[in-house]
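1. predicted model, plus sequence, below.
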Amino acid sequence: MKKKVGILFGGKSAEHEISLLSAQNVFDAIDKNKFEPVLVKIDKLGHWDMSEIFKYDVIFPILHGPFGEDGTMQGYLKLADLPFVGPGVLGSAVGMDKDVMKRLFREAGIPIGKYLALKNNEKIPSFAQIEKELGSPVFIKPANMGSSVGISKANNEAEYHAALKDAFQYDTKVVIEEFISGREIECAVLGNEEPAASLPGEIIPSHDFYSYDAKYVDTQGASLQIPAKLDAETTKRIQEMAIKVFTTLCCEGLSRVDFFLKAGGEIIVNEINTMPGFTKVSMYPKMWEASGLSYTDLITRLIELAISRFERDRQLKTSVV
């Protein structure tokens, strides 16, 4: 009997439109001999028929950003006692907050760039103070946002304050990061207790940096090299580091880990994305395709992992009772 899969999409997030694309692509590509997919829309105000969630055997929440990728929806699905694709509450929450994420990386000995976190009720340091601490230029980002929404590069005082104003539109906390000169490498991770890493890919931006426009507006905003042109030893180091990042944040199911590869071979972890863009041309599925797993088979594997985790957790609950 086919499993009925509810594909949640949209949501109350600045990444709403990206979610629409991902969901439609998954709906089109899912193996319909095994699954019966249904698109379940959450509008931009966060409204949806929550009761219909119980009609499905498994949920694929293709929701990017706050209220979908930050543990909020994961907590609801867990309370609803439904299997769902992607990391659970903890992994989703810490993976969304770039400040907390980086603190956990640092504790685990994972190499990260220098950064500062700033809340909107704190005194704003001058650009000169930031420059002394982090150098120049710097990148300013909302702490809880993805898809490069609200991210700016600042080279001077005016750009710095404009960037803060923009970032604070999306969150009450921002991170200010040092500029790292290096290749932008990404690696996809898949699995529960024994995660595996894909062949890495490389993003080669044609813009000043890999901004929202470069990702989603300008069709010539960046070129993707999949797999990335790396020697075997560097590829292995990136894959091992991607899995370490994934397990450090207690993730399961899937995540994409983003790196900087410096000229001397040093690997710096930028961030993790616990529900990366999932169109058929997005980096996550394309890296797995280059690694031998088709888009359709990847969707099947993710659903299987969701069900497997659900059954494992149910057995644990039963043994405790």
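-> Nice, I can see it. Since we're looking at a predicted model, the values are computed, not measured. Residues are numbered from 1 along each chain as shown.
2. report pLDDT for K280.
-> At K280, the model reports a pLDDT of 88.
3. how about the contacts made by it?
-> Neighbouring residues of K280 by CB atoms under 8 Å, 6 or more residues apart in numbering: N25, A29, Y295. Yep, even glycine has a C-beta here, placed from its N, CA and C like the rest.
4. nearest residue to G135 in space, please, no chain neighbours.
-> Nearest residue to G135, sequence neighbours excluded (CB to CB, 6 or more residues apart in numbering): E178, at 5.5 Å.
5. now for that neighbour: which residues touch it?
-> Here E178 is in contact with G113, K114, Y115, L134, G135, V138 (CB under 8 Å, 6+ apart).
6. could you do E131 as well?
-> Contacts of E131 (CB under 8 Å, 6+ apart): V138.
7. packing partners for the longest helix along the chain?
-> The longest helix of the chain (DSSP state H) is helix 295-320. Counting by 3 or more CB pairs under 8 Å, 6 or more residues apart in numbering; DSSP states H and E, the packing neighbours recorded for helix 295-320 are strand 3-10, helix 16-29, strand 58-62, strand 183-191, strand 253-261, helix 283-290.
8. go with 10 Å
-> Packing partners of helix 295-320 (3 or more CB pairs under 10 Å, 6 or more residues apart in numbering; DSSP states H and E): strand 3-10, helix 16-29, strand 35-42, strand 58-62, helix 72-79, strand 183-191, strand 253-261, helix 283-290.
9. avg pLDDT for the last one?
-> So that's helix 283-290. On average, helix 283-290 scores 97.
10. which secondary structure elements does it contact?
-> helix 16-29, strand 183-191, strand 201-205, strand 222-225, strand 253-261, helix 295-320.
11. out of those, flag the one nearest P83.
-> helix 295-320 (3.4 Å; CB to CB).
12. hang on, I176 packs against K114?
-> Yes - taking contacts as CB atoms under 10 Å, I176 lies within contact range of K114: 9.4 Å.
13. which neighbours do these two have in common?
-> Overlap of the contact sets of I176 and K114 (by CB atoms under 10 Å, 6 or more residues apart in numbering) consists of E133, L134, V138.
14. report how many residues lie close to the last one.
-> This means V138. 25 (other CB atoms under 10 Å).
15. same thing with the first one?
-> By the other CB under 10 Å criterion, the neighbourhood of E133 contains 14 residues.
16. residue contacts, it?
-> Counted by CB under 10 Å, 6+ apart, E133 has contacts K114, Y115, L116, P125, I176, E178.
17. filter those residues to the buried ones?
-> Y115, L116, I176, E178 (16 or more other CB atoms under 10 Å).
18. out of these, list just those in strands.
-> Among the buried ones among the contacts of E133, the members found in strands (DSSP state E) are Y115, L116, I176, E178.
19. so which pair among those is furthest apart in space?
-> L116 and E178 (9.3 Å).
20. cool, thanks, talk later.
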